[in-house]
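# from the sequence below, what's the structure:
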Amino acid sequence: MRAFEAQMVRFRMDFPMMWTFLGSPEEAANIPDSHKDQIHFLNDEGTRILNSYLKSTAMDIHQPYSPLQDYFRSIEEPGPARASNQKLKKWLYQRGIPFSRYVFVSQDRSGHALLLTWKMVIKYLEGLFFAEDIVIFDSTLEWGLFYYHDDRMYFGKEVCFDPKIEEEKWIEVNKLISKLR
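Predicted coordinates for the structure are as follows:
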């Protein structure tokens with residue numbers, strides 16, 4: 001786990017007692033412990049920090065049919081996200097992100113941001129890519145995945161911004177987290 005992810009783990013909370021991307025609270029309680037260990041819901045403070053950072057980037061998610069265009073040179077679409085779970089799983093796997101890489105999800109239907117492994121994104125894609133607009137990214141900011149609730153998905157790569165400036169933003173977020181201690 002990278003430094004920022006390790007700091008954000010401090011804001012984890014128990015699985016919410018409401019419907020999430022894992023289903024009902026009962027269904028979420030019954031997933032394997034090995035999966036629970038890779039899924040961290042962030043509390044309100046962690047969700048606010050993560051989404052404040054996301055808003056400060058150039059990842060424009062307010063244009064549902066041309067998101068990420070000011071941030072990445074290359075935008076790929078797999079076709080309708082719900083067309084075939086097997087095809088979508090294969091497409092996500094082919095993005096080359098290691099299964100063990102921790103990624104952030106802007107929110108799920110509980111309203112909480114998430115920190116989970118890429119493997120769990122692929123495993124539970126039916127619940128994640130359902131009815132909410134979400135953004136998935138990691139702390140490198142070298143790629144981003146945007147799911148629009150109208151069954152559209154976009155994967156951006158090949159950043160077209162100055163990584164030094166974005167790195168400075170992460171430093172500011174880390175300073176903010178340090179003040180919260």
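
# where are the low-confidence patches of the chain?
Counting by pLDDT under 70, the chain contains low-confidence residues at 58, 60-66, 80-83, 161-166, 180-181.

# so what touches the longest helix along it?
Determined from DSSP state H, the single longest helix within the chain is helix 163-179. For helix 163-179, the surrounding residues in contact (Cβ atoms under 8 Å, 6 or more residues apart in numbering) are 3-4, 7-8, 10, 49, 52-53, 56-57, 139, 141, 159. Using the backbone N, CA and C atoms, a C-beta is placed for each residue, glycine as well.

# mind jotting down where the strands sit in the protein?
Along the chain, counting by DSSP state E, strands occupy 12-13, 39-42, 72-76, 102-105, 114-117, 134-137, 143-148, 152-159.

# now these in JSON lines, with distance to residue 88 and mean neighbour count?
Converted to JSON lines, these look like this (distance: least, Cβ to Cβ, whole Å; neighbours: other Cβ atoms under 10 Å):
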{"stretch": "strand 12-13", "distance to residue 88": "27", "mean neighbour count": "15"}
{"stretch": "strand 39-42", "distance to residue 88": "19", "mean neighbour count": "24"}
{"stretch": "strand 72-76", "distance to residue 88": "13", "mean neighbour count": "15"}
{"stretch": "strand 102-105", "distance to residue 88": "16", "mean neighbour count": "23"}
{"stretch": "strand 114-117", "distance to residue 88": "17", "mean neighbour count": "24"}
{"stretch": "strand 134-137", "distance to residue 88": "13", "mean neighbour count": "23"}
{"stretch": "strand 143-148", "distance to residue 88": "10", "mean neighbour count": "22"}
{"stretch": "strand 152-159", "distance to residue 88": "8", "mean neighbour count": "19"}
